[in-house]
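Peer 1: need coordinates for the below:
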Amino acid sequence: MSSAVVVSSENLDEKQQSVSTPVVHAADKKVNLLGMSRAELEKFFEDLGEKKFRAGQVMKWIHQFFVTDFAEMTNISGKLREKLEKICEIKAPEVVHRNYSKDGTRKWVFRVGDGEGSLVETVLIPAEDKTGARKTLCISSQVGCALDCSFCSTGKQGFQRDLTPAEIIGQLWMANYSYMEDVPVAERERTVTNVVMMGMGEPLLNYDAVLSSMQLMLDDFAYGMSKRRVTLSTSGVVPKIDQLAQDIDVALAISLHAPNDELRNELVPINKKYPLEQLIAACQRYLAKDGNESARRHVTIEYVMLDGVNDQPEHAQQLLKLLKNLPSKINLIPFNPFPHAPYGRSSRNRIIAFQKTLSDAGFVCTIRQTRGDDIDAACGQLVGQVADRTRRAEQWKKKVAQRQEILRTQG
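Peer 2: Just a heads-up that it's a prediction; the model follows:
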């Protein structure tokens with residue numbers, strides 16, 4: 001297999017290591033099998049005059065043994081392998097850089113698209129006890145993001161395009177391969193245990209590609225992941241939450257970040273279209289099909305802690321009221337500053353006090369441990385350098401300063 005050309009970027013720090021991808025970059029007319037579902041592959045093989053069970057065989061080679069060379073697929077006839085080599089390819093996004101943090105976190109920077117392409121990032125976080133038993137991969141679904149949440153560095157890129165199923169599932173493929181590249185094919189195994197659709201982009205605004213990718217994650221012929229170990233995180237695209245409930249059973253997380261509409265309108269602008277009352281109702285409907293084997297036992301609430309903005313005692317009380325009828329687990333996220341960020345991180349004492357209020361009321365409430373700071377891989381840091389294209393950051397700094405001054409005078 002040929003190696004990809006490694007391209008450096010001034011926007012990526014010195015800790016990054018140039019690497020090459022093992023994936024063949026073949027002619028554009030070849031069919032990329034990487035992102036195809038089992039049903040799509042079955043039809044593909046039937047159209048070739050082959051039995052549809054070939055789909056399952058090829059899927060296992062691709063997603064469980066991480067093979068990209070058809071010649072290595074030894075349980076397939078030589079004639080079929082030759083045919084596939086001529087008309088097909090297994091092409092993941094090109095890895096241009098990778099970072100490995102001292103805490104075990106890994107980040108990959110992928111180039112997607114033809115020519116120069118665009119950059120997207122994927123982060124793998126190992127279990128905090130460093131046993132390696134749990135490895136959670138945070139996957140991107142879009143190049144940039146259109147939602148422009150004020151605390152998120154990705155939104156400052158603007159939106160470029162949706163990722164294809166191959167570009168989405170390719171992130172999971174590459175993360176697994178990174179642990180197996182020096183292991184003989186027969187001994188390879190799937191290493192990533194959990195996936196969260198929580199990287200760059202809003203997953204529900206790239207619905208079809210994300211759904212197809214999650215179906216591959218759950219498929220026993222591909223990654224065979226438990227539905228409780230695949231989580232989709234959304235800022236609150238209400239109609240798509242309802243559609244998701246009909247199409248697949250995975251865990252749901254909500255990027256909430258504010259307990260009232262006035263504040264959430266500022267932090268998460270999509271709230272102006274789908275306010276909190278509609279969002280909470282959609283979450284309740286999503287859980288309505290709950291069963292003993294369902295992934296829908298609760299919704300995970302993500303809440304970034306912004307100093308003087310959403311971390312006051314009254315915000316905790318408002319959050320309790322908002323979530324009182326929604327089975328929830330709450331994850332408090334210390335804010336990770338990025339260039340020109342208009343916020344600061346809440347103090348540790350403030351975060352702990354906020355957590356205590358929620359825990360005392362009966363909620364399971366955790367504080368996310370910051371990981372991968374040294375490689376800009378922590379939540380909200382998925383852009384190497386942020387171009388502040390508007391005056392919004394300065395406007396927000398003024399608003400935050402005004403809030404903090406009010407709090408000081410009240411104290």
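
Peer 1: whatever helix or strand residue 166 lives in packs against which elements?
Peer 2: Assigned by DSSP states H and E, residue 166 belongs to helix 165-180. For helix 165-180, the elements it packs on are helix 54-63, strand 106-112, strand 118-126, strand 135-138, helix 207-218, judged by 3 or more C-beta pairs under 8 Å, 6 or more residues apart in numbering; DSSP states H and E. (Each C-beta comes from the backbone N, C-alpha and C, glycine too.)

Peer 1: where do the strands of the stretch 1-150 of the chain begin and end?
Peer 2: Listed in chain order, the strands of the stretch 1-150 of the chain (DSSP state E, counting those that start in this stretch) span 31-32, 88-89, 94-100, 106-112, 118-126, 135-138, 142-144.

Peer 1: as JSON lines, those strands with mean neighbour count, mean pLDDT and distance to residue 225 would be great.
Peer 2: As requested, these are exported to JSON lines (neighbours: other C-beta atoms under 10 Å; pLDDT from 0 to 100; distance: least, C-beta to C-beta, whole Å):
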{"stretch": "strand 31-32", "mean neighbour count": "16", "mean pLDDT": "96", "distance to residue 225": "22"}
{"stretch": "strand 88-89", "mean neighbour count": "20", "mean pLDDT": "98", "distance to residue 225": "25"}
{"stretch": "strand 94-100", "mean neighbour count": "21", "mean pLDDT": "87", "distance to residue 225": "22"}
{"stretch": "strand 106-112", "mean neighbour count": "23", "mean pLDDT": "89", "distance to residue 225": "19"}
{"stretch": "strand 118-126", "mean neighbour count": "25", "mean pLDDT": "89", "distance to residue 225": "14"}
{"stretch": "strand 135-138", "mean neighbour count": "22", "mean pLDDT": "94", "distance to residue 225": "10"}
{"stretch": "strand 142-144", "mean neighbour count": "24", "mean pLDDT": "90", "distance to residue 225": "22"}
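
Peer 1: between these, which gets nearest to residue 212?
Peer 2: Across the strands of the stretch 1-150 of the chain, residue 212 has its closest neighbour in strand 31-32 (13.1 Å, C-beta to C-beta).

Peer 1: mind checking how far that closest one is from the chain centre?
Peer 2: The chain centroid and the centroid of strand 31-32 are separated by 24 Å under C-alpha atoms, centre = their mean, to the nearest Å.

Peer 1: that strand packs against which elements?
Peer 2: Secondary-structure packing of strand 31-32 (3+ C-beta pairs under 8 Å, 6+ apart): strand 88-89.

Peer 1: model confidence over stretch 367-384, on average?
Peer 2: Here stretch 367-384 scores 62 as its mean pLDDT.

Peer 1: same thing with stretch 276-285?
Peer 2: Mean predicted confidence for stretch 276-285 is 98.

Peer 1: list the buried residues in it.
Peer 2: Buried residues in stretch 276-285, counted by 16 or more other C-beta atoms under 10 Å: 276, 279, 280, 282, 283.

Peer 1: can you list which of those are found in strands?
Peer 2: Assigned to strands by DSSP state E, none of the buried residues of stretch 276-285 qualify.

Peer 1: out of those residues, which are inside helices?
Peer 2: Members of the buried residues of stretch 276-285 lying in helices (criterion: DSSP state H): 276, 279, 280, 282, 283.

Peer 1: which one among the residues you listed gets closest to residue 223?
Peer 2: residue 283 (26.4 Å).

Peer 1: which residues in the stretch 201-350 of the chain form strands?
Peer 2: Applying DSSP E, counting those that start in this stretch to the stretch 201-350 of the chain gives strands spanning 230-234, 251-255, 299-305, 328-334.

Peer 1: which one of the strands of the stretch 1-150 of the chain lies nearest to residue 224?
Peer 2: Across the strands of the stretch 1-150 of the chain, residue 224 has its closest neighbour in strand 135-138 (14.9 Å, C-beta to C-beta).

Peer 1: that closest one - contacts with which helices or strands?
Peer 2: Using 3+ C-beta pairs under 8 Å, 6+ apart: strand 135-138 touches strand 118-126, helix 165-180, strand 194-197.

Peer 1: distance to residue 79 for the buried residues of stretch 276-285 - can I get that in TSV?
Peer 2: Below are the buried residues of stretch 276-285 laid out as TSV (distance: C-beta to C-beta, whole Å):
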residue	distance to residue 79
276	60
279	55
280	57
282	51
283	52
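
Peer 1: re earlier: output the strands of the stretch 1-150 of the chain as JSON lines; include the columns distance to residue 341.
Peer 2: Listed next are these as JSON lines, based on distance: least, C-beta to C-beta, whole Å:
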{"stretch": "strand 31-32", "distance to residue 341": "38"}
{"stretch": "strand 88-89", "distance to residue 341": "41"}
{"stretch": "strand 94-100", "distance to residue 341": "21"}
{"stretch": "strand 106-112", "distance to residue 341": "19"}
{"stretch": "strand 118-126", "distance to residue 341": "18"}
{"stretch": "strand 135-138", "distance to residue 341": "20"}
{"stretch": "strand 142-144", "distance to residue 341": "17"}
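
Peer 1: quick one, which of the ones you listed is nearest to residue 323?
Peer 2: Proximity to residue 323 (C-beta to C-beta) singles out strand 135-138 among the strands of the stretch 1-150 of the chain, at 23.8 Å.

Peer 1: excluding residues flanking it in the chain, which one is nearest residue 272?
Peer 2: Excluding the flanking residues, the one nearest residue 272 by C-beta to C-beta, 6 or more residues apart in numbering is residue 265, at 5.2 Å.

Peer 1: burial check on the one you found, number of neighbours?
Peer 2: Other residues lying near residue 265 total 16 when counted by other C-beta atoms under 10 Å.
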